[in-house]
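the sequence isn't on hand, but the structure is:
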Ligand code: NAD
Ligand code: IPM
Ligand code: MN
């Protein structure tokens with residue numbers, strides 16, 4: 001088989017640090033890769049004014065997958081890199097599924113009392129191309145006392161149905177076969193109603209899946225006091241963003257939370273990245289935990305059909321997390337990468 005063509009976008013802050021460890025583990029796993037790095041992010045923006053040039057975007061379409069660290073920097077106005085680079089990639093490459101597992105590995109400390117690893121094992125299927133992220137809205141009379149700012153949520157029947165359908169398939173493939181729609185149908189009566197009707201309709205095709213519904217405020221509470229409630233969650237772009245940071249917090253911290261921006265139709269490459277951002281507060285100090293990126297690399301391999309290699313990396317992470325707990329080790333970014341790489345190779 002030919003080498004995997006991988007585009008790598010380390011990005012900003014700790015993005016470069018954690019991506020190096022992800023690549024280290026891929027190398028240790030003996031995956032045959034043809035990698036190309038892209039210097040997109042704050043530095044390129046300052047030097048050239050470019051965020052994601054069209055030529056780069058069309059080049060990226062030719063890869064099998066993309067590995068991204070994180071983007072965003074205090075020296076760049078908020079939204080520039082987030083919208084014109086990261087979200088542009090997700091939208092242009094049609095990453096309509098933002099897959100975010102929330103899983104407590106054995107031995108990992110959770111701030112929740114009385115729960116063990118079996119109690120936190122869910123997958124959040126976050127919509128990735130619509131909702132309030134679509135960019136609809138605008139501002140009038142900016143800077144005046146009468147400024148008006150609107151930021152609308154875009155929801156299409158097509159967009160909702162394809163992500164809901166994916167979530168049902170995912171639920172069907174898991175032992176508990178449970179799907180929870182999370183929205184705010186009691187207030188967002190247009191968008192919420194569309195999501196609820198689509199979910200009800202698709203549910204008739206999946207009689208083996210148990211369907212549940214939770215308002216997002218209650219779901220946030222249940223994440224903390226009853227995480228056992230959830231198996232697969234399907235939700236809108238913004239709710240999914242917020243819920244998965246809560247999910248990261250209950251499952252051992254943001255340094256462990258992996259994600260995939262998936263194009264299930266494979267009309268463009270999928271992109272894998274940790275849930276966390278560029279963490280300017282710890283950047284350049286070797287303090288970032290690269291585990292989220294390493295688990296994202298496992299998701300990438302799984303997406304490319306290399307399920308065995310993915311499982312091997314996930315097992316190495318699980319073993320390393322147990323060891324970290326037993327030895328109460330404080331390790332640097334590269335030391336964590338070294339330990340996991342050694343397990344994968346060994
Ligand atoms: P953040 O995730 O970067 O950091 C939040 C907190 O978590 C910080 O205290 C940070 O030190 C800590 N943290 C994050 N990753 C860690 C890791 N791997 N190991 C240990 N600690 C870690 O979120 P933020 O501070 O809200 O945002 C910083 C910048 O990152 C902003 O510009 C934001 O837009 C951007 N961002 C980008 C992405 C992305 O590229 N996917 C995701 C989130 C935020
Ligand atoms: C994430 C991030 C992004 C999001 C930002 C940086 C655009 O928070 O990947 O979770 O909101 O999706
Ligand atoms: Mn987020």
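Alright, I've got the coordinates. Just so it is clear, the structure is predicted and the values come from calculations on it, not from any experiment. Residues are numbered from 1 along each chain as shown. Ligands and ions are numbered 1, 2, ... in the order given.

what's the weakest-modelled helix or strand in this structure?
Ranked by mean pLDDT, DSSP states H and E, the helix or strand of the chain with the weakest confidence is helix 307-327, at a mean of 95.

next secondary structure element downstream of it?
Sequence-wise, the next helix or strand downstream of helix 307-327 (DSSP states H and E) is helix 333-345.

give me the number of residues near residue 86?
When neighbours are defined as other CB atoms under 10 Å, residue 86 has 24 of them. For the C-beta atoms, the positions are set from N, CA and C on the backbone; glycine is no exception.

would it be right to say that it lies in a strand?
No - assignment of residue 86 by DSSP: H, G, I helix; E, B strand; the rest coil gives helix, placing it outside any strand.

how about the nearest residue to it, chain neighbours excluded?
Spatial nearest neighbour of residue 86, chain neighbours left out: residue 71 (5.1 Å); criterion: CB to CB, 6 or more residues apart in numbering.

on that earlier part again, how far off helix 333-345 does the least confident helix or strand of the chain point, in degrees?
Relative orientation of helix 307-327 versus helix 333-345 (axes from the mean of the first three to the mean of the last three CA atoms, to 10 degrees): 130 degrees.

now helix 307-327: buried residues?
Going by neighbour count (16 or more other CB atoms under 10 Å), the buried part of helix 307-327 is 309, 310, 312, 313, 314, 316, 317, 318, 319, 320, 321, 324.

isn't the residue nearest to residue 86 up against residue 81?
Yes - with contact defined as CB atoms under 8 Å, residue 71 reaches residue 81; the gap is 4.5 Å.

mutual contacts of those two, please.
Overlap of the contact sets of residue 71 and residue 81 (by CB atoms under 8 Å, 6 or more residues apart in numbering) consists of 12, 41, 42.

tell me how far residue 48 lies from residue 108.
Noted for residue 48: a distance of 42 Å to residue 108, by CB to CB, to the nearest Å.

and these two? which has more neighbours close in?
residue 108 (19 against 10).

for that one, which three-state class applies?
With three-state DSSP as the basis, residue 108 sits in coil.

now it. Nearest residue, chain neighbours left out?
Using CB to CB, 6+ apart, the nearest residue to residue 108 is residue 252, at 3.9 Å.

next, count neighbours for that neighbour.
Count around residue 252 with other CB under 10 Å applied: 25.

and whichever residue of the stretch 101-250 of the chain sits closest to ligand 1, what is it in contact with?
In the stretch 101-250 of the chain, the residue found nearest to ligand 1 is residue 245; the distance is 7.9 Å by CB to the nearest ligand atom. Taking CB under 8 Å, 6+ apart as the contact definition, residue 245 lies against 254, 257, 275.

what of residue 240?
Contacts for residue 240 were tallied using CB under 8 Å, 6+ apart; they are 98, 100, 124, 125, 126, 127, 182, 233.

who touches the helix or strand hosting the first one?
Here residue 98, judged by DSSP H and E, is contained in strand 97-103. Residues outside strand 97-103 that contact it (CB under 8 Å, 6+ apart) are 90, 117, 120-128, 163, 166, 227, 230, 237, 240, 244, 247-248, 250-251, 257-264, 275, 295, 299.

just want the angle from it to helix 307-327.
Using the same axes, to 10 degrees: strand 97-103 against helix 307-327 is 40 degrees.

following the chain onward from strand 97-103, which element is next?
Strand 97-103 is succeeded, C-terminally, by strand 121-127 (DSSP H and E).

and that next one, which strands flank it?
strand 97-103 (antiparallel), strand 232-235 (parallel) (DSSP bridges).

same list as before, these that is, but in TSV and with mean neighbour count included.
Formatted as TSV, these follow (neighbours: other CB atoms under 10 Å):
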stretch	mean neighbour count
strand 97-103	23
strand 232-235	28
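
good, we can wrap up now.
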